[in-house]
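Enquirer: compute the structure for the input listed below.
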Amino acid sequence: MTTTNGTKYTFVCDPDECDSLVELTTVDGFGFPNGVIRNTCPCGREMSYISATILSSEQPTTKEEKMETTETSAVTVPDTYNPNLLVTYKVIRGYSDAEYATDKVTSIEWDLHNARQAQKTNGVYQDKINTVKDIITEAYADSDDQDTLRSIAEALGIELVREVLFTATLEVSGTYTYNVLDSDYELDLDSEVTDALYADSNNGNITIDDTEVCHVREA
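Expert: Model (predicted):
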């Protein structure tokens with residue numbers, strides 16, 4: 001009779017990006033090097049270590065035989081957790097009147113999971129739409145088929161806009177007043193004007209990112 005001991009490790013990937021689950025089984029003496037339990041997902045991300053299951057059998061194990069297991073998990077299930085508990089909650093539907101529904105915890109868990117998956121899918125499609133937007137915006141001005149590009153943009157809800165960076169020079173003249181009898185005051189016209197002046201836009205399509213005051217001098 002022989003004894004076989006090993007450990008089954010469970011890892012999960014980012015649920016918002018990949019959502020993969022990987023199980024690794026090692027025989028005692030051939031585990032993770034240096035005791036560091038780490039695994040990389042096929043998608044390239046570092047996976048989260050969830051649990052380790054100790055496997056042991058006092059006789060040779062075949063594919064048909066089940067090994068006795070003792071599981072130690074990094075995730076502790078609370079004693080208060082009841083998957084069949086009925087929960088009443090508010091269903092949010094924009095600005096309409098409140099609506100209340102009653103479901104089991106398991107149903108709500110799956111609804112939340114599906115919502116996360118749908119949000120991830122929507123994010124992927126939005127990235128694709130943004131890519132199409134960039135392509136259309138760049139090609140539109142020189143295209144011989146602007147009608148088709150416009151139809152694609154309208155179908156995808158794309159607003160065809162371009163951002164143009166600009167710099168401009170503004171010449172300002174004015175008057176600065178100070179008390180010449182104030183012996184403690186020393187005129188620093190450059191600082192006074194620089195601290196007081198700023199630029200703003202009255203055009204909603206123009207955004208002022210930065211303002212620099214240069215060449216302050218007495219007229």
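Enquirer: what's the spacing between the helix ranked longest in the chain and its chain's center?
Expert: As assigned by DSSP state H, the longest helix anywhere in the chain is helix 105-140. How far helix 105-140 lies from its chain's middle: 12 Å, per Cα atoms, centre = their mean, to the nearest Å.
Enquirer: so after that helix, what's the next helix or strand?
Expert: helix 146-155 (DSSP states H and E).
Enquirer: extract the CA atoms of the very next helix or strand once past that next one and return them as CSV.
Expert: Note on helix 146-155: by DSSP H and E, the next helix or strand toward the C-terminus is helix 189-196. Extracted C-alpha coordinates of helix 189-196, given in CSV (Å, rounded to 0.1, in the frame of the first residue of the first chain):
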residue,chain,number,x,y,z
LEU,A,189,4.6,95.6,-11.7
ASP,A,190,5.4,92.2,-13.2
SER,A,191,4.1,90.3,-10.1
GLU,A,192,1.1,92.6,-9.7
VAL,A,193,0.0,92.1,-13.3
THR,A,194,0.8,88.4,-13.4
ASP,A,195,-1.2,87.7,-10.3
ALA,A,196,-4.2,89.8,-11.4
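Enquirer: can you point out the buried residues in helix 189-196?
Expert: Buried residues in helix 189-196, counting neighbours by 16 or more other Cβ atoms under 10 Å, are absent. C-beta coordinates here come from the backbone N, C-alpha and C atoms, glycine included.
Enquirer: how far off centre is it?
Expert: 43 Å.
Enquirer: now do stretch 207-219
Expert: Using Cα atoms, centre = their mean, the offset of stretch 207-219 from its chain centre is 38 Å.
Enquirer: what's next to that stretch, contact-wise?
Expert: Ser173, Leu189, Asp190, Val193, Thr194, Leu197, Tyr198, Ala199, Asp200, Ser201 (Cβ atoms under 8 Å, 6 or more residues apart in numbering).
Enquirer: can I get the residues you listed in CSV with distance to Ser51 and pLDDT?
Expert: As requested, those are exported to CSV (distance: Cβ to Cβ, whole Å; pLDDT from 0 to 100):
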residue, distance to Ser51, pLDDT
Ser173, 74, 91
Leu189, 71, 90
Asp190, 67, 90
Val193, 67, 91
Thr194, 62, 90
Leu197, 64, 90
Tyr198, 59, 88
Ala199, 59, 89
Asp200, 59, 90
Ser201, 58, 90
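Enquirer: export those residues to a markdown table and append columns for distance to Cys43.
Expert: Shown next, in a markdown table, are the contacts of stretch 207-219 (distance: Cβ to Cβ, whole Å):
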| residue | distance to Cys43 |
| --- | --- |
| Ser173 | 62 |
| Leu189 | 61 |
| Asp190 | 57 |
| Val193 | 57 |
| Thr194 | 52 |
| Leu197 | 53 |
| Tyr198 | 48 |
| Ala199 | 47 |
| Asp200 | 47 |
| Ser201 | 45 |
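Enquirer: list just the nearest of the residues you listed to Gly123.
Expert: Ser201 (32.9 Å; Cβ to Cβ).
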